[in-house]
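> The sequence and its predicted three-dimensional model are supplied below.
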Amino acid sequence: MRAFALILSVLSLAVILATPADANQRYGKQKVVYHINYDGGDADKKYRGAMRNIQNHINAVGAENMEIKVVLHGNGVGLLKSAASNQQVQSGVTSLRAQQVSFHVCNNTLKGRKISYENDLFEVFEDDIVPSGVAELSHLQQQGYTYIKP
């Protein structure tokens, strides 16, 4: 009985220690585009949920194995608008950017809604602006990015 307990303990330890390496081997390198074009809802709950999904993805695969782009258009641009004043959303965006997640903002939405990326959005720069969010999604998928809509 004692030998059985020892074997069980050793196997349990082996599983625990092997899990991160197995995850990296299981998932490998990934290129992913997250599509956000919806309103954040009460207290930006949907935006915070989307960013939590992205963080969970990074945690499972490893930031070093990921290339993640977030394309925002239509109501989705509200994520970076909210981040300008909502500390929770701002913190999520900052954390994801620190892990090399890039945010791409649709210029058609900015023009159509008269949004200034410099004044109305949280830390958006000219290089973050894409001509069309929808066209960018297609372009990235053609380059091998997996499409996810959280």
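Thanks, I have the structure now. Small disclaimer: the values here were computed from a predicted structure and weren't measured.
> Quickly note the distance from the residue nearest the centre of the chain to Ile115.
For the chain, the residue sitting closest to the mean C-alpha position, by C-alpha atoms, centre = their mean, is Ile54 at 3.5 Å. Computed with C-beta to C-beta, to the nearest Å, the distance linking Ile54 and Ile115 is 23 Å. Using the backbone N, CA and C atoms, a C-beta is placed for each residue, glycine as well.
> try Ala83
With distances taken as C-beta to C-beta, Ala83 is found 13 Å from Ile115.
> related to what we said a few turns ago, for the helix or strand hosting the residue nearest to the centre of the chain, which outside residues touch it?
Using DSSP states H and E, Ile54 sits within helix 45-61. Helix 45-61 has contacts (C-beta atoms under 8 Å, 6 or more residues apart in numbering) with 23-24, 27, 30, 32, 34, 36, 38-41, 66, 68, 70, 78-79, 82, 88-89, 92-93, 95-96, 99, 101, 148, 150.
> Narrow the residues you listed to those in helices?
Ala23, Asn24, Tyr27, Gly78, Leu79, Ser82, Gln88, Val89, Gly92, Val93, Ser95, Leu96 (DSSP state H).
> burial count for the third one?
Using other C-beta atoms under 10 Å, the number of residues around Tyr27 comes to 14.
> Neighbour count: Ala83 and Ile115, which is higher?
When neighbours are counted by other C-beta under 10 Å, Ala83 and Ile115 differ, and Ala83 comes out ahead with 24 against 19.
> helix or strand for the closest residue to Glu118 other than its chain neighbours, which one?
Nearest non-adjacent residue to Glu118, counting by C-beta to C-beta, 6 or more residues apart in numbering: Val124, 7.5 Å away. Secondary structure assignment for Val124, by DSSP H and E: no helix or strand.
> dump the residue contacts of Val124.
Val124 neighbours (C-beta under 8 Å, 6+ apart): Leu80, Phe103, Val105, Tyr117, Glu118.
> how about it, phi and psi?
Torsion angles at Val124 (phi, psi; degrees, to the nearest 10) stand at phi -110, psi 130.
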